[in-house]
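Asks: Kindly return the folded structure for what I paste below:
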Amino acid sequence: MAAGTARRTVPGTAILAAALALASPATADLAQCDRLAGLPLPWLGHGEQPPPRPGPRLARLDPEPAIAACREAVAADPSLIRAHFQLGRALDKAQRWNEAVASYRRAAEESYAPAQTALGRLYEDGRGVPQDSATALRWYRLAAIQSFPPADTAIGALNLDGEGMKRDPREAARWFRQAAERGDPQAQLMLGRLFQQGRGVVADEMAGAEWIGRAAAQGEAEAETAYGFVLQEGRGVPRDLAEAARWFRRAAEQGDAQAQAQLGWAYEQGLGVATNETEAADWYRRAARQGAADAQRNLAWLYQQGRGVRQDYGQAARWYEAAAGQGDARAQVALGWLYEQGFGVPIDEAAAERYYRAAAQQGFWQGQNSLAWFLAIRNRDLPEAQRHARAAAAQQPRSGDVQDTLGYTLFRMGRLAEAAAVLERATGLEAVEPGALREHLGDVYAAMGRQEAARAEWERALALHPTAIRRIRLEDKLKAR
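Replies: Sure thing, here's the model as predicted:
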C-alpha cells in the first residue's frame, strides 16, 4: 500500500516541479511590477500576454515599492521591455527624471509605444532632458503609428498649444477625436472641452457633456471633476447639484485638489449636499495642502470667522499668505486687511499697502477699493486713490460701499460737490455699512456749510446701530454742531 501510494505521488511531484520551473523568478517579479506600476489600460504590443489585472492610475502609484519590484524584474530578465517601461513610470512618479529617461529610453528604442509616449512627455516638459518639442513630437509619432491612443492625444495637445508647430485647434480636435473614439479618457476630456469652447469644432454643449461624461465614467479624476462642473452649471445636461457633488467626491477621493476644493465649497454653501462647515473645512484643508489657492483662501476665511473650525486669526493669516503668494487677489486683499488691523499678525501698514496694491494691479475691484480707502483715510496720494476708487466704482456701480470710497476720496480732495453727488446716489444702493456712508455724506454737507443737512445724516447714521467707536464719533459731531 505504501508502495502504491508512493507511485501515485510521483506524477503529482513532477507536475509541481514543472509548474515551479515555469513560474520563473522573472515571471514572479514581473507580476509584482505589473501590479504596482502597470498601466490602468494595458497596451499589448509586442504580442504580450495581458497582466492579471490593471495597474494603478498615476495619482495612486506608490513609487518606492514599485521601483523596487520593477528593478527586481529587470534584473531577473533584462529582456522584459514592459518592466523597463514600468520602472520608468515609477521613477517618473518619484520625480527621479534622469533615471526615468534611461528606463523609458530602453523600452522606447524597442518600439514600446507607452515608453515612447512617456519619453516624449519628458522632452515636451524638459524633465530629465533639455526641453525639446520637436523630439517629443518625433517620439509621439512613433507611438501613434502603432495606434497607441495616448500618443494621439499628446500630438493633439501640441497642435492645440502650438508647441513646436503652428497652433491648429482643428488638427488638435482631429487627433483628440481619433484617440477618444479608441477610448482614451484624456482625449475624451480634451475633445469635450473643445466642444464647450467652440475651438476647432462647432460649439456644442451637449457633445461636450457627452465626451466629458465618457472620460469621467472611466474613473479619470480630472474628467470626474470636469463632469461635476458640467452638472453643477447645467452645460448640455440638466442642472443637478446632488449629482455634481457625487462626481466631485469621486475625484476628491482620488486626491484631485480642484475637486476637493469644489466639494468643500459645496458643503459650505449647501450645493447638492447638506450644509456642513466642518466637512467643508476638511476638504478645503486637503486641497490647500496640495497648493490649491482657492481652497487656501476659503479655509483661511473659515478660520477668520470661526466657522467649522475654532476661530484662529493666525491660521487665517497663514493660509491667506499661501494663497496670496500664488497671486490670488482675494487672498491678498484679506491678508492686507489682517495686517492693517493686526489680527493674527502684527500691525504692519507697509505690508497691508503692499498686498492691497498687488491685488489692485491685477484689476481686482476689491484690491482697488481697499487701496483707495487705505490712502484716502491717511490723506496720502489722493490722485492715485481717486484713480483706484473710480476703477472699482466702474466695476461695482451697484455697491453702496464702493461708491462710498469714491465719494469719501473726493471729499478728502476738497471736491465737495462731486463727493456729495456720488454719496447721495450711493444712499439708494445696498451697502454693508450704510451708517458709514451716511456719516460721510454728513461730513461733506458740513464742509459745504449745510449744517442741518449734516445733522440729519449723522442722526440717520446713529439710527443704523453703528459700532461703539463710530457711535462716539457721531455723538461728538452732533454735540459740536
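Asks: Check which residues of stretch 60-79 are buried.
Replies: Neighbour-count burial for stretch 60-79, counted by 16 or more other Cβ atoms under 10 Å, picks out 61, 63, 66, 67, 69, 70, 71, 72, 73, 74, 76. For the C-beta atoms, the positions are set from N, CA and C on the backbone; glycine is no exception.
Asks: quick one: pLDDT of the first one?
Replies: We have a pLDDT of 94 for residue 61.
Asks: how close does it sit to residue 73?
Replies: Computed as Cβ to Cβ, to the nearest Å, the residue 61 to residue 73 distance reads 16 Å.
Asks: Could you do the fourth one as well?
Replies: Residue 67 is 11 Å from residue 73, where distance means Cβ to Cβ.
Asks: Give me the common contacts of the two.
Replies: Residues touching both residue 67 and residue 73 (Cβ atoms under 8 Å, 6 or more residues apart in numbering) are residue 87.
Asks: number of nearby residues for residue 221?
Replies: Residues near residue 221, counting by other Cβ atoms under 10 Å, number 23.
Asks: Which residues are in contact with it?
Replies: Residue 221 touches 57, 59, 250, 251, 254, 255, 256, 259, counting by Cβ under 8 Å, 6+ apart.
Asks: And for the third one, nearest residue in space, chain neighbours not counted?
Replies: By the measure of Cβ to Cβ, 6 or more residues apart in numbering, the closest residue to residue 250 outside its immediate chain neighbours is residue 224, 4.8 Å from it.
Asks: shouldn't that neighbour be in contact with residue 253?
Replies: No: in this structure, residue 224 is not within contact of residue 253 by Cβ atoms under 8 Å, at 9.6 Å.
Asks: neighbour count winner among these two?
Replies: Using other Cβ under 10 Å, the more surrounded residue of residue 224 and residue 253 is residue 224, with 28 against 14.
Asks: What are the boundaries of the helices in the stretch 151-300 of the chain?
Replies: Using DSSP state H, counting those that start in this stretch, the helices of the stretch 151-300 of the chain run over residues 169-181, 185-197, 205-217, 221-233, 241-253, 257-269, 277-289, 293-305.
Asks: buried sites along the next helix or strand after the last one?
Replies: Pointing back at helix 293-305 there. Next helix or strand after helix 293-305 toward the C-terminus (DSSP states H and E): helix 313-324. Buried positions in helix 313-324, judged by neighbour count with 16+ other Cβ under 10 Å: 313, 315, 316, 317, 318, 319, 320, 321, 322, 323, 324.
Asks: ok, the second one to residue 285 distance?
Replies: Read it as residue 315. Using Cβ to Cβ, one gets 10 Å for the distance from residue 315 to residue 285.
Asks: Next: the first one.
Replies: Spatial separation of residue 313 from residue 285 under the definition Cβ to Cβ is 17 Å.
Asks: about what we covered before: as JSON lines, the contacts of residue 221 with neighbour count and distance to residue 350 would be great.
Replies: As requested, the contacts of residue 221 are exported to JSON lines (neighbours: other Cβ atoms under 10 Å; distance: Cβ to Cβ, whole Å):
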{"residue": "57", "neighbour count": "15", "distance to residue 350": "47"}
{"residue": "59", "neighbour count": "13", "distance to residue 350": "42"}
{"residue": "250", "neighbour count": "19", "distance to residue 350": "46"}
{"residue": "251", "neighbour count": "27", "distance to residue 350": "41"}
{"residue": "254", "neighbour count": "18", "distance to residue 350": "43"}
{"residue": "255", "neighbour count": "15", "distance to residue 350": "39"}
{"residue": "256", "neighbour count": "25", "distance to residue 350": "38"}
{"residue": "259", "neighbour count": "28", "distance to residue 350": "38"}
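Asks: How many residues are close by residue 95?
Replies: If you count neighbours by other Cβ under 10 Å, residue 95 ends up with 10.
Asks: secondary structure class for it?
Replies: Using DSSP: H, G, I helix; E, B strand; the rest coil, the structure places residue 95 in coil.
Asks: got a list of what it touches?
Replies: By Cβ under 8 Å, 6+ apart, no residues touch residue 95.
Asks: Then residue 383?
Replies: Residue 383 sits next to residue 413 when contact means Cβ under 8 Å, 6+ apart.
Asks: Repeat that for residue 349.
Replies: Applying Cβ under 8 Å, 6+ apart, we find residue 349 in contact with 339, 340.
Asks: For the spatially closest residue to residue 209 that is not a sequence neighbour, grab the count of nearby residues.
Replies: Nearest non-adjacent residue to residue 209, counting by Cβ to Cβ, 6+ apart: residue 236, 3.4 Å away. For residue 236, the neighbour count with other Cβ under 10 Å is 20.
Asks: Repeat that for residue 311.
Replies: Using other Cβ under 10 Å, residue 311 is surrounded by 12 other residues.
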